[in-house]
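Participant: Structure for this input, please:
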Amino acid sequence: MGTGKRIFLLAAVWLVLITSLHYWRNVRRVPVDTLRVGYLPITCHLLVPVSHAHLKGSDLAFEPVKFTSWPDMIEALKGGELDMTFILAPIAITLIKQGVPIKVVLLGHRDGTAVVVKKGLTSLGQLAGKTVAIPIRYSMQNLALRTLWRQAGLSLQELDAVEMAPPDMPSALASGGIWGYIVGEPYAAQAEMAGTGTVLYHMKDAWPGFISSVVVVNLDAMKRKGVKIKRLLNAFYAEARWIEHHRVEAAHFAAEMYGLPEKLIRYVLTTPPDRVSYHNIMPKEREFQFIASLMVEEGLIDSVPSVSIVDTSWFDADLVKERMGWTEGR
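Facilitator: Presented below is the predicted three-dimensional model:
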C-alpha cells in the first residue's frame, strides 16, 4: 500500500473514532426522553438551577442548556433543539406571531427589573440625549423604559437606547460608556453593590406585577413528551413556592450554576425591598394581549396575534401538592 493511501486510511479511521467518541459523550449519555431547557444566568430563570438541583437523579431530571445571548436561544428554539426555554415575553409573542409552534406556559417570576443610573443622577430627564442600555429591542425592559420616558414628559427622539448584553451593563456604566440602563436582576444590584450606580426605579413600584421572562414550550415536543413536560411544569410551579421560603438556599444553587458570586444573588433575593417575586407566576392571556398591544404601538409587531398566546392546561393541583410536599420535607 502506498504512503498516500496509508495516510488516507489512517485519517479516515481517526475521523470515525473521533465521531464515535463525540456521539458517545454528547448524545448517548443523555437519555432520549430527557427534556432540554434553555436559560440565561438571571433571576428570571432561577427556577432552572433550583429545580435542576432538586430533581437530579429523579425521573424528572432535565438538561439545562445555558445561553449567553437571546439571538442564540431564539435560533435553538426555532431549530427544535429545546423542548422548553425561559425567554423574554416580547420575543415569545413575536415568535408565536411568526407561526413558531410554542405557547407561553409559565412566568419566570414577577418584578425583578430596575432602571440604574450613574451616581448623582436623580431623574430620567437627566438621561435625555445620553446613552442608555437595554437588553434587546424585543424586551419588556425596552417597553418599560419607553413607557417611563413618555410618562416623564420626555420625547422619544431624546432617548438614545443601545442594545447590550446584561452582564456588560454594570462595567459599561462604571467606565462611562453609558449613563444608565434597564435590566433584570442581578445586574441592577451588581452596580448598586459596587457603588457605581443607583437604582432610579424598581419596576415593581413603577409597574406592579411586571413580567420579564416566561417559559415557553415547543408544541412539537409536547406531542412527543407531553406527560413528562406537564409533570416538569407542575414541578417548576411548586419549586417557585419553595424559593419564596428558601431564598438563601436558592441563591446558592443559582450561584453554582450561573458562575456568579453567591453574595450577589443572595443580595437580590433577600435585601428589602423585595425585588423579585415567585408568587403568582401563572400567566394570564389578558396580560399577554396587553403586552402585544404595547408592541404594536412601538412598531415591534404589526398586530396582536390572532391565536392564543398562553396555555395553562398543564396545571394539575394534585401534582403541585405532591411536589410541594416533597420540597417542604427537604
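
Participant: Where does residue 170 fall, secondary structure wise?
Facilitator: Secondary structure here is read from DSSP states H and E; on that basis residue 170 sits in helix 169-175.

Participant: could you give the mean pLDDT of that helix?
Facilitator: Average pLDDT, helix 169-175: 97.

Participant: all strands in the stretch 1-150 of the chain, in order from the N-terminus.
Facilitator: According to DSSP state E, counting those that start in this stretch, the stretch 1-150 of the chain carries its strands in the segments 36-39, 63-66, 84-88, 102-107, 110-111, 113-118, 131-134.

Participant: Pick the most buried one from those strands.
Facilitator: Burial of these is given as mean neighbour count (mean count of other Cβ atoms under 10 Å); strand 84-88 ranks first at a mean of 27. Any C-beta I mention is one placed from the backbone N, CA and C, and that applies to glycine too.

Participant: hmm, back to that, what's the offset of the helix holding residue 170 from the middle of its chain?
Facilitator: 21 Å (Cα atoms, centre = their mean, to the nearest Å).

Participant: for stretch 241-251, same thing?
Facilitator: Per Cα atoms, centre = their mean, the displacement of stretch 241-251 from the mean C-alpha position of its chain is 18 Å.

Participant: what's the answer for stretch 105-119, then?
Facilitator: Relative to the centre of its chain, stretch 105-119 is centred 11 Å away, using Cα atoms, centre = their mean.

Participant: Endpoint to endpoint, that stretch covers what distance?
Facilitator: Counting by Cα to Cα, to the nearest Å, the length from the leading to the trailing residue of stretch 105-119 is 39 Å.

Participant: Let me see the mean pLDDT of that stretch.
Facilitator: Across stretch 105-119, pLDDT averages out at 97.

Participant: now swap in stretch 152-162 and tell me
Facilitator: Averaging the model's pLDDT scores along stretch 152-162 yields 96.

Participant: same deal with stretch 247-258?
Facilitator: Here the average pLDDT along stretch 247-258 is 97.

Participant: again, but for stretch 219-227
Facilitator: Averaging the model's pLDDT scores along stretch 219-227 yields 96.

Participant: Not counting that stretch itself, show me its contacts.
Facilitator: By Cβ atoms under 8 Å, 6 or more residues apart in numbering, the list of residues contacting stretch 219-227 from outside reads 33, 35, 80, 83-84, 101-103, 229.

Participant: hmm, 6 Å instead?
Facilitator: The contact list for stretch 219-227, computed with Cβ atoms under 6 Å, 6 or more residues apart in numbering, reads 83, 101, 229.

Participant: can you map out the helices along the stretch 201-330 of the chain?
Facilitator: Counting by DSSP state H, counting those that start in this stretch, the segments of the stretch 201-330 of the chain that form helices are 203-206, 219-245, 247-258, 262-270, 285-297, 317-328.

Participant: my bad, the stretch 1-150 of the chain
Facilitator: Assigned helices in the stretch 1-150 of the chain, in chain order: 3-23, 47-55, 70-78, 89-97, 140-151 (criterion: DSSP H, counting those that start in this stretch).

Participant: Stretch 153-162: which residues count as buried?
Facilitator: Neighbour counts over stretch 153-162 (16 or more other Cβ atoms under 10 Å) mark 154, 159, 161 as buried.

Participant: Now do that stretch: distance to the chain's middle.
Facilitator: The chain centre lies 26 Å from the centre of stretch 153-162; the measure is Cα atoms, centre = their mean.

Participant: same deal with stretch 223-234?
Facilitator: Mean C-alpha position of stretch 223-234 versus that of the full chain (Cα atoms, centre = their mean) differs by 20 Å.

Participant: do stretch 167-182 as well
Facilitator: Taking Cα atoms, centre = their mean, one finds stretch 167-182 lying 20 Å from the centre of the chain it belongs to.

Participant: Tell me, how many residues neighbour residue 60?
Facilitator: Here the neighbour count serves as a burial measure; for residue 60 (other Cβ atoms under 10 Å) it reads 18.

Participant: Now the phi/psi pair for it, please.
Facilitator: Dihedral angles of residue 60 (phi, psi; degrees, to the nearest 10) stand at phi -110, psi 10.

Participant: Start the count at 28 instead of 1 going forward.
Facilitator: From this message on, residue numbering opens at 28, which makes the last subject residue 87.

Participant: No further questions, thank you.
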